[in-house]
Structures are given as C-alpha cells and as structure tokens.
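1. Dropping a prediction and its sequence here:
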Amino acid sequence: MTLEFNVVTKTVNVGDKEMSFETGKIAKQAGGAILCSVGDTVVLVTATAAKSAREGIDFFPLTCDYVEKAYAAGKVPGNYFRREGRQNEFEVLNSRLMDRPLRPMFPDGFRNETQIIATVLSHDKVNESAICAMNGASAALHISDIPFEGPTAAVRVARIDGELVANPDLDAAEEADINLLVAVSPDGISMVEGGAEFATEAEILDALYFAHDACQPIMKAIEELREAVGKPKREVIAPTIDTDLQAKVHKIAQGPLSDALSIKTKLERYAAIDTAKTGIVAELVEAEPELAERKGEIKGFIDGLKKKIVRGWIIDDKTRIDGRGLTDIRDIVTETGVMPRTHGSALFTRGETQAIALLTLGTSRDGQRIETLTGEVEKSFMLHYNFPPYSVGETKFLRGPGRREIGHGALAHRGVSPVLPGEHFPYTIRVVSEILESNGSSSMATVCASSMALMDAGVPITSPVAGIAMGLIAEGDDVAVLSDILGDEDHLGDMDFKVVGNEDGISALQMDIKITGLTRQTMETALAQARDGRLHILKEMSKTIEEPNADLSVHAPRIFTVVINPEKIRDLIGPGGKHIRGIQEQTGAVLDVTDDGKVNVAAANGEIAQKAVELVRSYTEEAEVGKTYLGVVSRVADFGAFVTILPGTDGLVHISELEIGRVDTVEDVCQEGDEILVKVINVDRQGKIRLSRKEVLIDQKRAAGEEIPVEEPRANDDDDRRGRGRGGDRRGGDRRGGGGGRGRSRARR
C-alpha cells in the first residue's frame, strides 16, 4: 500500500521575500503542524492541547518552546556531549516572543494544557528563524482544533539607509538604526520588541504601522490555510457567573475593599486586602453556611471588584492607588559608589522599586562566547538581571535565571548598548542588576542603575539612559495613560509599555497590549508621556552623576593597547607560546593578541602594565636603519659576527665593519656572548640586517671631537666589490668573503 499525503501549501510575499506555509505531510498526529519557510530557513511548528482541562487551576497553561538544532546549519554541537542540551538564552528569548502575542488569543475558561514547539530544521544564515516560528505557531494553532481567536502575524521591521524594510536579511538588520519585531492580531498591534539608535517617537510610530500593514497578507494566507484544511474547533463552555452571589459579594466588599486599596504602601495594602477578603468570606458563610464550599468563587468576585474599583478611580477621578496623578513619577533616590571593591556600582530607588547595579571590568578573555546557528558570537558587554524572592517578600528555592529574568535582562541590555564605547575601549563589561525591592518595572530600574554604574566605573558612555514603564486603562471611549506604573496597575491594566532612551530618542521598546482597537492617537500620547517621564528620571539621575568619572576604579585592571606589525605576532608568541607566556609569568600581566596586531596588556596597575608593554615591544620591535643597539654576539664566522639586537632579530657585522682600522680575524674584536654596540646600516627587501660597529666608533669620536683615522685599502677590496650583496645573511652569508658589507659602507662614506 502506498502512503499518500494531502499536502497543502500557501505562500505570501513579505517585503521582497516569499514566506511559505505547508501542512499535511509531517507530524500529522499533532493538533496542528506547519512547516514555515523563508528561503532555506525552515521551521517546524506544532500545536497540541490536552483532551481535558487541568483541574484546580484558574489560569491558561500554555507553554511555548523554540528549539534550535545544530544540524539545521550543518554543525555538530560544540559541547562535550555533542548533542543539544537545555535552551540557551537566544532560544529562551524566542520562546517568549512566540508566547506573548498568542496568550491573549484564547477564550476565557479554556484550561487545557497547550504546548507549542518550534524546531529549526534548516537555517540558511540569511533569513530569521524566529519570524518563521512566530507565524508558524499562529498557523498551526489556527488549523488545529484548539480554540484560538487568531490568526496573528509577525514581521521584523528595520530602517536601513533611511528606508523601512520588512523581514530584512540578518546581516542587513545588524546595520539598521531602527530594528523592531512587531506582532499583530486581527484587531491591531499586540506586541512590540526591539531597539533603535535613539529614534524619535514619530519615527518609531511610522515603523510600527509599517509593520502592521506588512502583517496583513500573512494573516490572510493563514486564514486561507484554515479554510482549506482547518479542523472544527473544540467547544469551550464559558464559565457561568452567579450574578446573585456576585451582587452580594460586591455589596459587602465595596467598603472594606476600597479602604484596603487606599493604603499607599504595597505590603500594608496587600495585608489589608487579605484581611478584607477573609472577613468578607466569613460574613457570607456565616449568613449562608452552604457557601463554605464556594470560597474560591467568592474570592474571584472580590478580585473582579478590586479591578473595577481601581480602574474606576483612574478613569473617573484621575487618581491612582498610591494617590498619584496619571503622569506623576514616584520619588527617586540615587547613589553611586555604594560598594567598596566593585569596579562600579549604583543604587536606584523609585518608590517601592529598588535595583543595585554592580559592574565588573575584565579583559577580552572574559567575553562570553555563544554558539548559534549563524556562527559564534562573542559578547564584550553582558547585563544580567536577578529577581530574588525577598524583593517581593516571598520565599522560593534559588535556581538559575528563569525566562522572565532573561527577558528583562535582554531588554535592559538592548536599551543600554547604544551608548557604550567602541573598540577603542578594550574592556569586557559585565553589569549585574540585583532587584532588592519590586513594585513596578524593575527592568526599567535596572536600566537606570546600570547607566549610573557605568558612569561610576569611568566607562566612557556617550550619554546616560533611563527607562520608564507606561500603562493604559481603557473603558469605552475613556482612555487613561499612566506613567511609571505599579505592579497592580500592570496586572489590572490593558497595556504594559516599556521605553528606554536618552534626551534625544528611544533605544529600546517593549510593549504588550491586552485589548483591541488601540488607536495611533493613543500610541502617540503614550510615547509622548513616556518621553516626559524619561526626561524627568534622567534629571533626577543627574543630581548624583552627570557624566562618566574621569578615571577607572582603582580596583579595575589597567589595559594598555600596543599595535604591532601583524607579521611580528609569531615572534611575540614564540615557539609553543614561550615568549608570551614568559612575559605573563615575569610581570603578572595578561596579554591578548588579535589578528590585526593589537596587543591588549591588562595588569593590576600601570607599572606592571608598562613593564609588560616594554617586553612586548622588545619582541616585536623592528630594526631601524641608523639606530644604535646594544646587542649580543650570537655566532662568530670568518667573515663577520652575527649579533642579536632584538629578541629573535639578528644582523651581520661584516669583518670590515668591526673596527675603524684593519681587522685580521673577527676574534680579535669580539667573542660569542660579548655585548657590543652596533648601528643598523641597511635592511634589504628580504629583511636581512647589516650592522656596523665601526660606525658607532666613528660617531663616538666625532662626538668627542677626535680625529677619525683614514683607513688603508684591504688587499681583497676588489673581491669585496664583486661579492657585494651576498654578505648580511644571518644564515651564514657568502663563504668566499661576503664583502658586500664593506662595499656598501664605503659607498655611504
């Protein structure tokens, strides 16, 4: 029996590229399976949901995983096991990018475990696999029986040479001054993640809506795919609401809940809310004992009322939980140099959010090497974000960084990177942000603290940067944009919008929208309000530190850069690394050599570094015509002496250049191991060096005002002229006399 496949393919043009969706051939037992390809980059995306709901949960259990396989780029994994292990940071970030636009697109009440897996099967190192993963996930969900209110679509928009481009090549995107990944739903933009070289708010808006338009054909193609092969969707029974019980709860809870929510301090407010909940439940159960089995439902109604109260205050009274107005920023306190031994440190406190940034300067050897499908990447700047449980008054097991921590660190990294110094700053930089207290946008506090720590360390950044988190509450036609949102406002609001930048513009942007129909005018308002808040925060930071300190920390290593001829790298390293290892052992400095001849010398202090630099130069210095050197006689021959004038560099002193007068034998003047002063009189095209001791003696007599005796011609002078040019060979020269040295010396006189 011959197997037959019902293969269906849809293609769509995005920018100047064709995106393809194929289904029906592979992974047919998954709920939905799509091969999404652009060029030779192919990603398999599957979407599968459990047959029944998970009991006892009040959230949607969705898992999105993006997985890269080394074979996709024709590689063998570089680790010991030679197989893929846990997800790396890049895979985690792409998993988050898949999750964020999809999660709001499932109906209320759907509690079935759902898993989306994107596996990169082929990568051409030109087209971005994350775009295929995001669009493939939307298509796989849409054709499956999983209740999904999509489709969604995603594109990367980049501004290259002043032109906006959809889904550019990977190399081209690296040169863009605006680089955003934008996801849209049928109702508008739903997610944004990206950065810019301090673009204006208007330029960012243009890029967002360019991406919105570019996504429309993708959503149309996915819709056509569902019409062709889509399965009937599962029925989701929306949870029924006992309106009578809800009304009773709201009546009893309105007063005590409003009082609890009016408390400005977070932990005190949370404690009061818990006390109010307990009292409300107890009062209802006492009146109607049969409600004891419905405590969870009652608490759900209380939470719904809490959301209604807070949103009502904001829309109707323009007042927030902590009493601020819509545009007010919480009080800010900043400090630098807070830790005595770190190379840079800063403490940033904004209301009840506090971050300490601790900076370390290292050598190029401390950079992070990351193996990706597109090649090996070396990072000289790392920003790590940690969110310990005590920051929110909780206790948990300490494990490695989770997806949220990796994502927040990446956002802060993107926002700070554009102000870092270029290659002229030879240090590796690592900033670690420890969140000490959290109530709203610890990632933006990380940006501010990191910027100040960089300046405290003396890193010559081009400008300070700051970040702010914005929120939005929309009730019908009434819209309120909130600056510097609290954690509660994030949870109860309709948008989380983080913006990083300096006084000129935006360097990083992250946005998640929970509602539909957000207008461009509202986006303009949010961005303008974010700019005002950012400028306010920068002003507060400047009260502590305005620009980088003039000097690096006394505890930071000192790095000096020496540029040598790339052809001399071999001489510096020496046989088996003997020379460079000897310099490091002798001085304690650390040397790093690049292929273009840059030698970075890192040491605990300037004196050690300078000693190492001198040794580097001694191995790499090239003989200079007319310069005098104190050399060591390395070998004696009949026709002259070979003298080492620099490490690894020998030259020939012909017998005629040993003395002002006649010399019968070389040994009459010098022996092997003697130190003698010699002058370089010629370096030929092959690099052979001719030296003269006689020239040094003549110079000394002239300096002393003594008469220089006239030399008598040698008997073999004609032979010397005939042998000219075969002398100065460090490997032995011309055994017949090698008189080239004498001939050239006479010509000079």
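-> Received the coordinates, thanks. Numbering: from 1, shown residues only.
2. which stretches of the stretch 101-250 of the chain aren't confidently modelled?
-> Scanning the stretch 101-250 of the chain for pLDDT under 70 picks out no residues.
3. For it, just list every one of the helices.
-> 129-143, 170-174, 201-229, 243-261 (DSSP state H, counting those that start in this stretch).
4. which stretches of the chain have low pLDDT?
-> Scanning the chain for pLDDT under 70 picks out the ranges 1, 517, 711-749.
5. ok, back up a step: let's have the helices of the stretch 101-250 of the chain in TSV, adding distance to residue 345 and mean neighbour count.
-> The C-beta positions use only the backbone N, C-alpha and C, and glycine is treated the same way. Listed next are those as TSV, based on distance: least, Cβ to Cβ, whole Å; neighbours: other Cβ atoms under 10 Å:
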stretch	distance to residue 345	mean neighbour count
helix 129-143	35	29
helix 170-174	32	13
helix 201-229	32	18
helix 243-261	36	16
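6. Adding distance to residue 384, write those helices out as JSON lines.
-> Output for the helices of the stretch 101-250 of the chain, formatted as JSON lines (distance: least, Cβ to Cβ, whole Å):
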{"stretch": "helix 129-143", "distance to residue 384": "22"}
{"stretch": "helix 170-174", "distance to residue 384": "23"}
{"stretch": "helix 201-229", "distance to residue 384": "27"}
{"stretch": "helix 243-261", "distance to residue 384": "35"}
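7. next one: phi and psi at residue 569?
-> Main-chain torsions, residue 569, degrees, to the nearest 10: phi -60, psi -40.
8. can you offset everything so residue one is 48?
-> All set: I'll call the first residue 48, so the last point we hit is now residue 616.
9. surely it meets residue 644?
-> Yes: the pair residue 616 / residue 644 is scored as a contact, 6.6 Å apart, by Cβ atoms under 8 Å.
10. Looking at the helices of the stretch 148-297 of the chain, which is nearest to residue 661?
-> Residue 661 lies closest, by Cβ to Cβ, to one member of those: helix 217-221, at 39.1 Å.
11. in stretch 618-632, what counts as buried?
-> 618, 619, 620, 621, 626, 627, 630, 631 (16 or more other Cβ atoms under 10 Å).
12. Same question for stretch 433-447.
-> Neighbour-count burial for stretch 433-447, with 16+ other Cβ under 10 Å as criterion, is recorded at 433, 434, 438, 439.
13. Among those, name the ones in strands.
-> Counting by DSSP state E, the part of those found in strands is residue 433.
14. of the buried residues of stretch 433-447, closest to residue 334?
-> Lowest distance from residue 334 to the buried residues of stretch 433-447 (Cβ to Cβ) belongs to residue 439, with 35.0 Å.
15. Assign the residue lying closest to residue 264 once chain neighbours are set aside to helix, strand or coil.
-> Leaving aside its sequence neighbours, residue 264 sits nearest to residue 59 (Cβ to Cβ, 6 or more residues apart in numbering; 4.8 Å). With DSSP: H, G, I helix; E, B strand; the rest coil as the basis, the three-state label of residue 59 is strand.
16. Now for residue 59, how many residues are close by?
-> Residue 59 has 19 neighbours, counted by other Cβ atoms under 10 Å.
17. swap in residue 112?
-> Using other Cβ under 10 Å, the number of residues around residue 112 comes to 17.
18. what's across from the closest residue to it other than its chain neighbours in the sheet?
-> Spatial nearest neighbour of residue 112, chain neighbours left out: residue 164 (5.0 Å); criterion: Cβ to Cβ, 6+ apart. Beta-bridge pairing for residue 164 (DSSP bridges): residue 93, residue 112.
19. Does residue 164 touch residue 80 like I think?
-> No: using Cβ under 8 Å, residue 164 makes no contact with residue 80, being 9.8 Å away.
20. who touches both of these two?
-> Common contacts of residue 164 and residue 80 (Cβ atoms under 8 Å, 6 or more residues apart in numbering): 92, 93.
21. Apart from its neighbours in sequence, what residue is nearest residue 353?
-> residue 304 (6.0 Å).
22. The one you found and residue 208, how far apart?
-> 56 Å (Cβ to Cβ, to the nearest Å).
23. Ok, residue 546 next?
-> Counting by Cβ to Cβ, the gap from residue 546 to residue 208 is 25 Å.
24. between those two, which one's more packed in?
-> More crowded of residue 546 and residue 208, by other Cβ under 10 Å: residue 546, with 27 against 9.
25. And that one, its phi and psi?
-> The phi/psi pair for residue 546 (degrees, to the nearest 10) reads phi -130, psi 130.
26. Contact partners for it?
-> Contacts of residue 546 by Cβ under 8 Å, 6+ apart are 514, 515, 517, 553, 555, 556, 574, 577, 578, 581.
27. Pairing partners for it in the sheet, please.
-> Beta-bridge partners of residue 546, as defined by DSSP bridges: residue 515, residue 556.
28. Tell me how many other residues surround residue 642.
-> 7.
29. quick one, phi/psi of it?
-> Phi and psi for residue 642, reported as degrees, to the nearest 10, are phi -60, psi -20.
30. For it, give me its contacts.
-> Residue 642 touches 613, 616, counting by Cβ under 8 Å, 6+ apart.
31. can you rerun that using 7 Å?
-> Residue 642 is in contact with residue 613, counting by Cβ atoms under 7 Å, 6 or more residues apart in numbering.
32. cool, residue 719 as well?
-> Contact partners of residue 719, counting by Cβ under 7 Å, 6+ apart, are 680, 681, 682, 683.
33. Which one of those is nearest to residue 418?
-> Among the contacts of residue 719, residue 681 lies closest to residue 418 (Cβ to Cβ), at 46.6 Å.
34. for the stretch 398-547 of the chain, what spans make up the strands?
-> In the stretch 398-547 of the chain, the strands defined using DSSP state E, counting those that start in this stretch lie at 400-409, 415-419, 422-426, 428-433, 475-484, 513-522, 525-530, 542-548.
35. got CSV for those, with distance to residue 503 too?
-> As requested, the strands of the stretch 398-547 of the chain are arranged in CSV below (distance: least, Cβ to Cβ, whole Å):
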stretch, distance to residue 503
strand 400-409, 7
strand 415-419, 23
strand 422-426, 22
strand 428-433, 15
strand 475-484, 11
strand 513-522, 15
strand 525-530, 27
strand 542-548, 19
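36. so which of those gets nearest residue 317?
-> Of all these, it is strand 475-484 that lies closest to residue 317, at 13.8 Å by Cβ to Cβ.
37. and the closest one, what does it pack onto?
-> Applying 3 or more Cβ pairs under 7 Å, 6 or more residues apart in numbering; DSSP states H and E, we find strand 475-484 packed against strand 400-409, strand 428-433, helix 489-503.
38. So which bits of that strand are buried?
-> Within strand 475-484, judged by 16+ other Cβ under 10 Å, the buried ones are 475, 476, 477, 478, 479, 480, 481, 482, 483, 484.
39. Please list all residues in contact with the first one.
-> By Cβ under 7 Å, 6+ apart, the contact set of residue 475 is 409, 410, 411, 413, 414, 427.
40. Repeat that for the second one.
-> Taking Cβ under 7 Å, 6+ apart as the definition of contact, the neighbours of residue 476 are 406, 408, 427, 428, 506.
41. Tell me what it is bridged to.
-> Beta-bridge partners, per DSSP bridges, of residue 476: residue 408, residue 428.
42. Compute the distance between it and residue 115, please.
-> Using Cβ to Cβ, residue 476 is found at 27 Å from residue 115.
43. With that, I have no additional questions.
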